[in-house]
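Enquirer: just the structure for this:
(2 chains)
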Amino acid sequence: MKGRIWHGLEQLAAWLLGFLWALPVLFAAWTAFHGREYATHLDFAAPLTLQNFARAWSAAPFARYFFNSVVLVTSILAAQLVLCTLAAFAFARIPFRGSQVLFALVLVQLMIMPDVLIVENYATIHGMGLVDTIPAIGLPYVASAFGIFLLRQTFKTVPRELDEAARVEGCSLLQLLWKVYVPLGKPVYIAYGLVSVSYHWNNFLWPLIVTNSVATRPVTVGLSVFASTDQGIDWSVIAAATLITSGPLLVAFLLFQRQFVQSFMRAGIR
Amino acid sequence: MRRQALQLYGWLMVLPACALLAAFTHYPAVATFLHSFYSTPRGSRPARFVGLDNYQTLLQDPVFWRSLTNNAIYAAGTIPVSVALALLMAVWVNGRVRGRGLLRLAFFTPTVLPMIAVANIWLFFYTPEYGLVDQFAHLLGAGSHNWLGSPATVLGSLIVVAIWKEAGFFMIFYLAALQQIPPNLAEAAAIEGAGRWYFFRRITFPLLMPTTLFVLVNAVINAFRMVDHVVVMTRGGPDNASELLLFYVYEIAFKYWDTAYAATLTMVLLAILAAVALGQFFYLDRRVHYR
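Expert: Sure, this is the predicted structure:
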């Protein structure tokens, strides 16, 4: 009897916490889909509208921001995959001199991320004449210690026999990597891809620093510019804009929930 | 394949990644250190060596001390609560609670949202009079309060946002670890008559130590790395009450363009991160029970 009461209480507490956690997002959605007069009081009979989205979309160049973000995120991921795969393979399976020291140096980035090195990285980017370009946003993140680490762990689990068999068949190193290692690492690539895409889609401070025009701003910076100008009071429109910017990831997450959760898990198990 | 060729291939394959890492992680870290001993170049005056002058300024800068204390309070407020909640969430989502799928969805969704969007949503919540927080307070008979506008509550308000954003992220790691604990342990404990709480305290929690370590390190890094919400919600105000270290660096560097002082401030951040790394390496790793 006592156990059942406890269980019931626990169930209740779990649901309460879940409700609290869902509340902010649900409320933002409610505000975005209703007229501005309903932003401050809940009325379940209130009519739904898409007007806020239309107004937000036309009030700022969100289409361009989206394009910038898509270009940014895909090019960062593509570059990361190539660079990290090559480096991870060398660290995992090629016994070259100095590899251990180099790998230790790579791991430094897990602690000291480009996120906190904004001052000097801005100076570097400025010196390269890249300020206010999309490559400037991505460059500091392309060589990802996290990616190298994750893929190295994966490559190390590939059976030696497979590796040797391919070499006996006359595979070159790059063929070996491409035909044996990369296919076996597919789940890790998906995991890393999801983590990287959501990280860079959401990244804000560095893009805010290195961009200053509509042609280069990603959606996060676009949203902050939009919300901080004279929209100040109209929460319905800001809520709509907020949902627009988080929309693609949110929809992808709702559709592929399991993959997302598993990817973040996989990325965390080391 | 010949030995020397292999050496060459190894180097060639790590070269692109290592060059970029050197350019955007190692070089800036070293440059930050060096530039903290120089003055900020302005116009026709180039940077000159000033020794420890910048550090002297730093020690006498009340805003720096404020941002450091704020950041410490922010970390102390965010980390234990979000990690404890994460563990609780993971236990629930992993256990017998009904509606696990929906709960997991609710807990994890904040993780995929951009912090900047999260900040916008919460900004509305905290609005005096009209915001959800105040409306709820009205229901309970409390008056309205300017949560982000008063120095007493602004940091706490930011802590709540950070907890909401992060707990679900940490939950994932606990969930992964929980699923790797063999179920026969629980069965054996049940046969021995061990209660759930006893089992959790003596078996589950120790087995989760490596995960806790991993999560803690990430939480500490995040507490010093993530200031997006400060930019949107408070800009460090009112009266520096929500000034965090990295946001102060950002202001000094890109509002006042005092790059040398910004480098000096960054050194404090780097020292904190290095301390975390060393602490993890030398102290915690040894005390954690690994399977």
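Enquirer: so which bits of stretch B:163-182 are buried?
Expert: Buried residues in stretch B:163-182, counted by 16 or more other Cβ atoms under 10 Å in any protein chain shown: B:163-178. Yep, even glycine has a C-beta here, placed from its N, CA and C like the rest.
Enquirer: so what does the one helix or strand residue B:158 maps to touch, helix or strand wise?
Expert: Following DSSP states H and E, one finds residue B:158 within helix B:154-178. The elements that helix B:154-178 packs onto, with contact taken as 3 or more Cβ pairs under 8 Å, 6 or more residues apart in numbering or on different chains; DSSP states H and E, are helix A:2-32, helix A:257-268, helix B:62-94, helix B:100-112, helix B:115-125, helix B:209-225, helix B:228-233.
Enquirer: closest to residue B:39 out of these?
Expert: Within the helices and strands packed on helix B:154-178, the stretch nearest residue B:39 is helix B:62-94; the backing value is 17.7 Å (Cβ to Cβ).
Enquirer: list the buried residues of the closest one.
Expert: By 16+ other Cβ under 10 Å, the buried positions in helix B:62-94 come out as B:64, B:66-68, B:70-71, B:74-75, B:77-79, B:81-83, B:85-94.
Enquirer: out of the residues you listed, which touch chain A?
Expert: Contacts with chain A within these, counted by Cβ under 8 Å from any Cβ of the partner chain: B:85, B:88, B:89, B:92.
Enquirer: ok, which pair from the residues you listed is furthest apart?
Expert: Longest span within those, Cβ to Cβ: B:85 and B:92, 10.4 Å.
Enquirer: which neighbours do those two have in common?
Expert: Residues within reach of residue B:85 and of residue B:92 at once, by Cβ atoms under 8 Å, 6 or more residues apart in numbering or on different chains, are residue A:17.
Enquirer: helices of the stretch 1-150 of chain A, residue ranges please.
Expert: Counting by DSSP state H, counting those that start in this stretch, one finds helices in the stretch 1-150 of chain A at the ranges A:2-32, A:51-59, A:62-93, A:99-111, A:118-127, A:134-142, A:145-156.
Enquirer: and what of the stretch 151-270 of chain A?
Expert: Under DSSP H, counting those that start in this stretch, the stretch 151-270 of chain A gives helices at A:160-168, A:173-176, A:182-184, A:186-202, A:205-210, A:219-228, A:235-255, A:257-268.
Enquirer: check contacts around the closest residue to chain A within chain B.
Expert: Going by Cβ to the nearest Cβ, chain A is nearest to residue B:10 of chain B, at 2.9 Å. Shown in contact with residue B:10 (Cβ under 8 Å, 6+ apart): A:90, A:94, A:95, A:96, A:99.
Enquirer: just those residues now: which is nearest residue A:141?
Expert: residue A:90 (20.5 Å).
Enquirer: look up how far residue A:82 lies from the closest one.
Expert: With distances taken as Cβ to Cβ, to the nearest Å, residue A:90 is found 13 Å from residue A:82.
Enquirer: ditto for residue A:151
Expert: Distance of residue A:151 to residue A:82, computed by Cβ to Cβ: 11 Å.
Enquirer: can you count the residues close to residue B:211?
Expert: Applying other Cβ atoms under 10 Å in any protein chain shown, we find 23 residues neighbouring residue B:211.
Enquirer: isn't it right next to residue B:179, touching?
Expert: No: Residue B:211 lies out of contact with residue B:179 (Cβ atoms under 8 Å); the separation is 11.3 Å.
Enquirer: for the one residue sitting closest to the centre of chain B, which residues are in contact?
Expert: For chain B, the residue nearest the mean C-alpha position is residue B:222 (1.5 Å; Cα atoms, centre = their mean). By Cβ under 8 Å, 6+ apart, the residues touching residue B:222 are B:162, B:166.
Enquirer: swap the cut-off to 10 Å and go again
Expert: A:115, B:75, B:78, B:79, B:82, B:162, B:165, B:166, B:169, B:170 (Cβ atoms under 10 Å, 6 or more residues apart in numbering or on different chains).
Enquirer: quick one: low-confidence parts of chain A?
Expert: Chain A contains residues with pLDDT under 70 at A:1-2, A:37-45, A:229-233, A:267-270.
Enquirer: one step back: now tabulate the helices of the stretch 151-270 of chain A in JSON lines and tack on distance to chain B.
Expert: JSON lines is the format used below for these (distance: least, Cβ to the nearest Cβ, whole Å):
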{"stretch": "helix A:160-168", "distance to chain B": "8"}
{"stretch": "helix A:173-176", "distance to chain B": "6"}
{"stretch": "helix A:182-184", "distance to chain B": "14"}
{"stretch": "helix A:186-202", "distance to chain B": "4"}
{"stretch": "helix A:205-210", "distance to chain B": "6"}
{"stretch": "helix A:219-228", "distance to chain B": "5"}
{"stretch": "helix A:235-255", "distance to chain B": "5"}
{"stretch": "helix A:257-268", "distance to chain B": "4"}
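Enquirer: returning to that earlier point: which of the helices and strands packed on helix B:154-178 is buried the deepest?
Expert: Compared across the helices and strands packed on helix B:154-178, helix B:115-125 shows the largest average neighbour count, a mean of 25 (mean count of other Cβ atoms under 10 Å in any protein chain shown).
Enquirer: that helix near chain A at all?
Expert: Yes: Helix B:115-125 reaches chain A (Cβ under 10 Å from any Cβ of the partner chain) through B:115, B:116, B:117, B:118, B:119, B:120, B:121, B:122, B:123, B:124, B:125.
Enquirer: how far away from the center of its chain is that helix?
Expert: Distance of helix B:115-125 from its chain centroid, counting by Cα atoms, centre = their mean, to the nearest Å, is 18 Å.
Enquirer: what residues sit buried inside the one helix or strand residue B:10 maps to?
Expert: Using DSSP H and E, residue B:10 sits in helix B:3-21. Judged by neighbour count using 16+ other Cβ under 10 Å, the buried positions of helix B:3-21 are B:6, B:7, B:9, B:10, B:11, B:13, B:14, B:16, B:17, B:18, B:20, B:21.
Enquirer: in contact with the first one: list those residues for me.
Expert: The neighbours of residue B:6, taking Cβ under 10 Å, 6+ apart as the test, are A:90, A:93, A:94, A:95, A:96, A:173.
Enquirer: what does the model give it for pLDDT?
Expert: In the predicted model, residue B:6 carries a pLDDT score of 84.
Enquirer: how near is it to residue A:167?
Expert: Going from residue B:6 to residue A:167 by Cβ to Cβ gives 11 Å.
Enquirer: which residues do the two both contact?
Expert: By Cβ under 10 Å, 6+ apart, the residues touching both residue B:6 and residue A:167 are residue A:173.
Enquirer: still on that earlier bit, which of the contacts of residue B:6 lies closest to chain B?
Expert: residue A:96 (2.9 Å).
Enquirer: if we can go back for a sec, compare residue A:151 and residue A:82 (neighbour count), which wins?
Expert: Between residue A:151 and residue A:82, counted using other Cβ under 10 Å, residue A:151 has the larger neighbour count: 26 against 13.
Enquirer: which residue is the nearest non-sequential neighbour of that one?
Expert: residue A:88 (3.5 Å; Cβ to Cβ, 6 or more residues apart in numbering or on different chains).
Enquirer: my guess is the one you found contacts residue A:158, does it?
Expert: No: applying Cβ atoms under 10 Å as the test, residue A:88 and residue A:158 come out as separate, 11.4 Å apart.
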